[in-house]
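Asker: what shape does this take:
(chains A and B)
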Amino acid sequence: MLWHKLGKIFDVQNHGLDFDVKLYAQGPQAVTFNDHIRIYFSTRRVDPVNGKFYSDIAFIDMDKGFKNIIGHSKKPVIPLGGLGTFDEHGIFPISPMRHNGEIWAYTTGWSRRTSVSVETSTGLAISRDNGTTFERYGTGPVLTSSLNEPMLVGDSFVREFNGTYHMWYMFGKKWNMANENEPPSRIYKLAYAKSPDGIHWHKEEAVQIVPDVLGETECQALPTVIKIGDRYHMYFCYRHSTDFRVNADRGYRLGYAWSDDLKNWTRDDAQAGIGLSENDWDSEMMCYPNLFEIEGKIYLLYNGNEFGKHGFGIAELVSA
Amino acid sequence: MLFKWNKLGRVFDPTAVKDRYFINEFAQAPHVVVFDDFIRVYFSCRPPADEHGQYVSYSSWLDLDRKDLFKVLRIAEHPILPLGELGTFDEFGTYPVSVVRHGDEMRAYYAGWTRCESVPFNVAIGMAVSHDEGQTFERIGPGPILSYSHDEPFILSGPKIRRFNDKWYLFYIAGKKWIMDNGRPEPVYRIRLAISDDGINFQKVERDLIETKLEADEAQASPDVFFRDGRYHMFFCYRNSTGYRSRERGYRIGYAWSEDLLNWHRDDAQTNMDISEEGFDDEMVSYPHVFELDGETYMFYLGNGVGRFGFGAARLER
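Answerer: Numbers count the residues shown, from 1 in each chain, chains lettered A, B, ... in the order given. I've put the predicted structure just below:
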């Protein structure tokens, strides 16, 4: 794979939205329209009670050359969940797909815990107004922890191939307490589930689909898949489990794998064809990739340094 | 009246136990497994609260003389399971538990508790297996076997496992909503059912089984089902959504019947299990469990404080 970076296309600090968003534009994911691209992302606001963050979903509309922002959401596209629900404290990321005239979005809902910072599950939200607003399919998740995926299910990416819905997602294996002075750190891997209807999912159950390159404590997140010819290509991000926030040597990178049968994936990061820049917005970290196609061209949205604190950029596939 | 019960008194008072590190108060959700010479009663209990007033809960057992249910033969030395690992669904509690024989092993279905920030807790259902006649158990995995779904957003608790017609029936409760009652979040939950061929992979029925009586937000728990005279019978408990830590609005015991395990007819008038004038159950009666023993039918149930001071017995009038 060979990519040409087009650079950062959205910086949340330079483009005010109509609601209180000044930090972060994370997990950009695209839906294509006839004359523009809509990019959903998660923004953050501070909870005045305790200084923690909430994450809300917004979007911008861009022209097909990714030069101009031609519109944006006037408010979050979906309110956060009610008291005690899985998505009460944030939705990050949101993964949209067109589905029979509607837009279905798989959300990762965040709710805060006391012994560890957070628990997550995957929800489903449906838009019947072409993506301006979304409604939950139920107040609970469609995919959550299970016998051998005990925590932190999320980052779901769904596509229909050959009449079946395929989901790639992450699940938590363990929370580690390194020492008393640091908060617990988590380890998560990529997994696969399938469904006849996009609602009821059958997990493979704790089968890690992409091998580690950083050892068993490697964290893998946010898979995205696209079919080119007869081959399926997956990008995702991965990092060390500790000291990954400010130490650029241990932070998120983009990983790559391919498959010809949707079952067996071959990891081959050397063929990813995209890496860190030098002294730029994406020179310390690359994460949260999203693949999409429009008018025969394939693009890759992603976040750069500091988990997308300043926005997101895009690259165009030159050759597969 | 189909089920007229005569109360026999309190069977077990956990506050009298001084030599078990995991028992200080509470003997909740009794569940019986019958042995040759004794009956083993699984229950859930708590050591003293921590410095923030927060409890953990364990499940354990005691054995009662089969000929005299008020004679405690022994109390387990340890809980049947340790608490779950950091960040898992059962990190702060394993309560309640329902145990069933299965070939040479015994299976425990239990509710695991975690702590949340906006509400005090969340609950999902796990499973563990015993190879020593139910003295100790091991989890079959670190996560739950039954967890949240689109119309069961939180609090999957109170599992009661039954086997009918070569299938596994897991009755449980699922949360509907949290209500703020004088600044305190209180959960509303209703009785649900999931069915399985192997007792591990369950298919949810995805609807409430029992209609409400007190109010739309009535909470229901402890769905205890048995088969007799061509019908399935369920005893359960129910309460108001708010102010339920009072004599007037606290738990009472209800009844329903079914011919197919799926469609239930509530008929509380068929039973007389109400609060007593005085005694350990003069404020509430809850968490019924019915079992047959040597030609008699008994109900164990919780009294005041949802079993804080133990459980009692009643015998069905023949």
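
Asker: how much space between the closest residue to chain B within the stretch 1-150 of chain A and residue B:152?
Answerer: Nearest to chain B in the stretch 1-150 of chain A, going by Cβ to the nearest Cβ, is residue A:138, at a distance of 2.8 Å. Every residue, glycine included, has its C-beta placed from N, CA and C. To residue B:152, residue A:138 is 8 Å away according to Cβ to Cβ, to the nearest Å.

Asker: and for residue B:15?
Answerer: 35 Å.

Asker: more crowded one of those two?
Answerer: residue B:152 (26 against 13; other Cβ atoms under 10 Å in any protein chain shown).

Asker: check contacts around the residue of chain A most remote from its centre.
Answerer: Most distant from the centre of chain A: residue A:180, at 30.7 Å, with distances by Cα atoms, centre = their mean. Under the criterion of Cβ atoms under 8 Å, 6 or more residues apart in numbering or on different chains, residue A:180 has no neighbours.

Asker: hmm, who's touching the helix or strand harbouring residue A:256?
Answerer: Applying DSSP states H and E as the criterion places residue A:256 in strand A:253-259. Contacts of strand A:253-259 with the rest of the structure, by Cβ under 8 Å, 6+ apart, involve A:1, A:209-210, A:213, A:220, A:231-239, A:265-269, A:271-276, A:285-287, A:289, A:302.

Asker: per-residue confidence for residue A:22?
Answerer: The confidence metric pLDDT takes the value 69 at residue A:22.

Asker: pairing partners for the longest strand seen in chain A, with directions?
Answerer: Here the longest strand in chain A is taken by residue count, with DSSP state E as the criterion, and it is strand A:164-176. Counting by DSSP bridges, the strands paired with strand A:164-176 are strand A:151-161 (antiparallel), strand A:185-195 (antiparallel).

Asker: ok, which of these comes nearest residue B:53?
Answerer: Residue B:53 lies closest, by Cβ to Cβ, to one member of these: strand A:151-161, at 26.1 Å.

Asker: give me the distance from the closest one to the chain's centre.
Answerer: 9 Å (Cα atoms, centre = their mean, to the nearest Å).

Asker: just the C-alpha atoms of it, please, in CSV.
Answerer: Extracted in CSV, the C-alpha atoms of strand A:151-161 (Å, rounded to 0.1, in the frame of the first residue of the first chain):
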residue,chain,number,x,y,z
MET,A,151,-14.4,-5.7,29.7
LEU,A,152,-13.9,-2.8,27.4
VAL,A,153,-15.8,-3.9,24.3
GLY,A,154,-16.0,-1.1,21.7
ASP,A,155,-14.4,0.5,18.6
SER,A,156,-16.9,-1.5,16.4
PHE,A,157,-16.6,-1.1,12.7
VAL,A,158,-19.3,-2.9,10.6
ARG,A,159,-19.6,-3.6,6.9
GLU,A,160,-21.9,-5.9,4.9
PHE,A,161,-20.2,-8.3,2.6
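
Asker: for the closest residue to chain A within the stretch 1-150 of chain B, give me its contacts.
Answerer: Closest residue of the stretch 1-150 of chain B to chain A, Cβ to the nearest Cβ: residue B:150 (2.8 Å). Counting by Cβ under 8 Å, 6+ apart, residue B:150 makes contact with A:123-124, A:137-142, A:199.

Asker: which two of those residues have the greatest separation?
Answerer: A:139 and A:199 (14.4 Å).

Asker: comparing these two, which residue is more hemmed in?
Answerer: residue A:139 (21 against 15).

Asker: surely the more buried one meets residue B:152?
Answerer: No - under the criterion of Cβ atoms under 8 Å, residue A:139 makes no contact with residue B:152, lying 9.0 Å away.

Asker: residues shared between the contacts of these two?
Answerer: Listed as contacting both residue A:139 and residue B:152 by Cβ under 8 Å, 6+ apart is no residue at all.

Asker: comparing the strands paired with strand A:164-176, which stretch has the densest surroundings?
Answerer: By mean neighbour count, with neighbours taken as mean count of other Cβ atoms under 10 Å in any protein chain shown, strand A:151-161 ranks first of the strands paired with strand A:164-176 at a mean of 23.

Asker: average model confidence for it?
Answerer: 97.

Asker: for the stretch 101-250 of chain B, just list every one of the strands.
Answerer: Counting by DSSP state E, counting those that start in this stretch, one finds strands in the stretch 101-250 of chain B at the ranges B:105-115, B:121-130, B:138-139, B:154-164, B:167-181, B:184-196, B:203-204, B:219-228, B:231-239.

Asker: quick revisit: and the pLDDT at the residue of the stretch 1-150 of chain B closest to chain A?
Answerer: pLDDT at residue B:150 comes out at 97.
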